[in-house]
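Asker: Got a sequence here, can you build the structure:
(one chain, ligands or ions: 1)
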Amino acid sequence: MSNKSSSNPSIYKEPGPKLDKESPFESMMERFRFAADLLQLDDGMFQYLASPVKQVIVSIPVVMDDGRIKVFEGFRVIHDNVLGPSKGGIRFAPDVNLNEVKALAAWMTWKCAVVNVPFGGAKGGIRCNPKELSKNELERLTRRYTANLLEVFGPDRDIPAPDMNTDEQVMAWIMDTYSMNSLRTETAVVTGKPIILGGSQGRKEATGRGVVTVTLAALSKMGIMPNKTSVVVQGFGNVGSVSAELMYEQGAKIIAISDISGGYFNASGIDIPDAISYMSSNNRSLEGYPGAERITNEELLELQCDVLIPAAKEDQISRHNAHKIKAKIVAEGANGPVTANADSILEENGVMVIPDILANAGGVTVSYFEWVQDRQGYFWTEERVNRRLNRMMRSAFDNLYGVCGQHNITMRQAAYVYAIDRVAETLKLRGIYA
Ligand code: NAD
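Answerer: Numbers count the residues shown, from 1 in each chain. Next up, the predicted model:
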């Protein structure tokens, strides 16, 4: 029976502050509906996959440094746990809301399924402004949030990770709070921890490394040698700078980079190690970088190049500028940099988009390795982590490439079809517990 998506009472259709027509979340749901149709999911399965397994809202009272009590609101949503324990980051931001967390949790389900990591999807958040909190207040907030969710979290149940405004230190507090309550050290309850506390080698570079693995795979399908490739990278933070550096090491010419301070262009290629050291010594900003000329963000996206890696933020390529994109390959380092409305324009113009749920899944893949290492109590070398990461990313790319050919669809559509099919198949085998 074909799915009637428009009549499905999907929880993601509730209006929320971020759910405008071009938002990444609505874009994700549009792609989900396309794949569900193609797979002819029946209504029951559609509703199952569109509904989170669990949504928890907690009040988090915190004694502030001045002695007052302030109550924050925290969320944790488990979208799905059919493939295994759920996995997903925790963000601290003033505008976090349940709708956003629900959509991001679903996104994690598809991302884990695409790279064949045995996890379901989850996401969490606390509505707060971390810039206004002292370190001690942040610690008390994190520990009380964790304490309120002790029955949700667990190495076999639900495993948080860093996201917007949360870092290794926050993960260490979560791990310690959970461990104190379970009366044993439980490192595998979170990933993205400091290495000394059971974190993994290679985790920091994992997302950029994965972006480069799938980009090289796409170039080889097109018969383009890496050392004959021109590359543009938007965003020069964790994902962008590592992607740029590894492409540079492959002999590619990186003709433009950018960060929040603006774009930097050099037709003969930017010396990426030099740009990274400039940024590190310049308060982590490219402002004033002398090795290139200034261009705007719009100009950067529209440059003639082989590969464009948007690695800054969502909604960068929309129906307003998609027809001006001249890259042959767009590798989505960021989450949701291309809106659903832009997909068909890029497709018509023959641009191959490597979708975010594949391209930036290197991070969750090495988080999985971190969890495996914590559970084994045996830690791998960086070389082993990178080798296994490359293997999993390459094999995920090849799987999706096969699905593209099978259905004559884009890589993005293939990613959703593959992920949804995998979760639906597993659910059919497990059945519905009654
Ligand atoms: P980051 O904060 O380290 O870097 C973001 C970079 O983007 C910075 O250089 C910033 O200056 C730049 N930037 C911000 N706004 C910009 C704009 N308007 N124009 C140009 N540059 C701009 O963040 P990150 O960890 O590298 O994450 C980047 C993206 O990748 C996000 O969408 C994130 O969700 C996604 N992602 C990150 C990971 C990870 O492991 N870090 C994993 C999966 C997805």
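Asker: buried ones in the longest helix along the chain?
Answerer: Identified as the longest helix of the chain according to DSSP state H is helix 382-407. Buried residues in helix 382-407, counted by 16 or more other Cβ atoms under 10 Å: 385-386, 388-390, 392-393, 396-397, 399-401, 403-404. Backbone N, C-alpha and C define where each C-beta goes, glycine included.
Asker: who does it touch, helix- and strand-wise?
Answerer: Judged by 3 or more Cβ pairs under 8 Å, 6 or more residues apart in numbering; DSSP states H and E, the packing partners of helix 382-407 are helix 203-221, helix 356-359, helix 362-376, helix 411-430.
Asker: again, 6 Å this time
Answerer: Judged by 3 or more Cβ pairs under 6 Å, 6 or more residues apart in numbering; DSSP states H and E, the packing partners of helix 382-407 are helix 203-221, helix 362-376, helix 411-430.
Asker: okay, those helices in a markdown table with distance to the ligand, mean neighbour count and mean pLDDT next?
Answerer: Formatted as a markdown table, the helices and strands packed on helix 382-407 follow (distance: least, Cβ to the nearest ligand atom, whole Å; neighbours: other Cβ atoms under 10 Å; pLDDT from 0 to 100):
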| stretch | distance to the ligand | mean neighbour count | mean pLDDT |
| --- | --- | --- | --- |
| helix 203-221 | 4 | 24 | 97 |
| helix 362-376 | 3 | 24 | 98 |
| helix 411-430 | 14 | 20 | 97 |
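Asker: between those, which one is nearest to residue 127?
Answerer: Of all these, helix 362-376 sits nearest to residue 127, with 24.0 Å by Cβ to Cβ.
Asker: I would like the residues contacting that closest one, please.
Answerer: With Cβ atoms under 6 Å, 6 or more residues apart in numbering as the test, helix 362-376 has contacts from 111, 115, 117, 161, 187-188, 191, 198, 200, 202-203, 206-207, 209-210, 379, 385, 389, 392-393.
Asker: ok, the longest strand along the chain: who's next to it in the sheet?
Answerer: Secondary structure of the chain read by DSSP state E shows that its longest strand is strand 69-80. Partners of strand 69-80 in the sheet, by DSSP bridges, are strand 54-63 (antiparallel), strand 120-127 (antiparallel).
Asker: wait, does the shortest one make contact with the ligand?
Answerer: I take that to be strand 120-127. No: judged by Cβ under 6 Å from any ligand atom, strand 120-127 makes no contact with the ligand; its nearest approach is 11.5 Å.
Asker: Name the surrounding residues that touch that strand.
Answerer: By Cβ under 6 Å, 6+ apart, strand 120-127 touches 72-81, 83, 86, 88, 90-92, 96, 101, 104-105, 108-109, 145, 158.
Asker: List only those of those residues flagged as buried.
Answerer: When the contacts of strand 120-127 are checked for burial by 16+ other Cβ under 10 Å, the buried set is 72, 74-81, 83, 86, 88, 90-92, 96, 101, 104-105, 108-109, 145, 158.
Asker: Please report how far residue 270 lies from residue 397.
Answerer: With distances taken as Cβ to Cβ, to the nearest Å, residue 270 is found 27 Å from residue 397.
Asker: for residue 114, that is, sorry about that
Answerer: Using Cβ to Cβ, residue 114 is found at 10 Å from residue 397.
Asker: Repeat that for residue 62.
Answerer: From residue 62 to residue 397 the distance is 44 Å (Cβ to Cβ).
Asker: ok, how many other residues are close to the residue in the stretch 201-350 of the chain that the ligand sits nearest to?
Answerer: Proximity of the stretch 201-350 of the chain to the ligand (Cβ to the nearest ligand atom) peaks at residue 237, 1.8 Å away. Neighbour count for residue 237, taken as other Cβ atoms under 10 Å: 17.
Asker: tell me the pLDDT at it?
Answerer: At residue 237, the model reports a pLDDT of 95.
Asker: Ok, residue 300 next?
Answerer: So residue 300 comes in at 98 (pLDDT).
Asker: do residue 4 as well
Answerer: 32.
Asker: So which residues of the stretch 201-350 of the chain form strands?
Answerer: Applying DSSP state E, counting those that start in this stretch to the stretch 201-350 of the chain gives strands spanning 230-234, 253-259, 262-265, 293-295, 307-310, 329-331.
Asker: among those strands, which is nearest residue 419?
Answerer: That would be strand 329-331 among the strands of the stretch 201-350 of the chain, by Cβ to Cβ, at 18.1 Å.
Asker: Distance from that closest one to the middle of the chain?
Answerer: The chain centroid and the centroid of strand 329-331 are separated by 16 Å, computed with Cα atoms, centre = their mean, to the nearest Å.
Asker: any idea of the mean pLDDT for that strand?
Answerer: Per-residue scores along strand 329-331 average to 98.
Asker: So which residues make contact with that strand?
Answerer: For strand 329-331, the external contacting residues (Cβ under 6 Å, 6+ apart) are 211, 215, 218, 307, 308, 309, 351, 352, 353, 354, 359.
Asker: Can you name the two of these that sit furthest apart?
Answerer: Farthest-apart pair in these is 211 and 351; separation 16.4 Å (Cβ to Cβ).
Asker: Just send the contacts of strand 329-331 back as TSV, with distance to residue 257 too.
Answerer: Below are the contacts of strand 329-331 laid out as TSV (distance: Cβ to Cβ, whole Å):
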residue	distance to residue 257
211	14
215	15
218	20
307	13
308	12
309	10
351	20
352	22
353	20
354	19
359	18
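Asker: Are any of those residues buried, and if so which?
Answerer: Looks like these have 211, 215, 218, 307, 308, 309, 351, 352, 353, 354, 359 buried, using 16+ other Cβ under 10 Å.
Asker: tell me which parts of this structure are close to the ligand?
Answerer: With Cβ under 6 Å from any ligand atom as the criterion, the chain meets the ligand at residues 207, 234-240, 258-260, 297, 311-313, 333-335, 360, 363.
Asker: Okay, buried residues for the helix or strand of the chain with the lowest mean pLDDT please.
Answerer: In the chain, no helix or strand scores lower on mean pLDDT, DSSP states H and E than helix 24-38, which sits at a mean of 87. Buried residues in helix 24-38, counting neighbours by 16+ other Cβ under 10 Å, are found at 24-36, 38.
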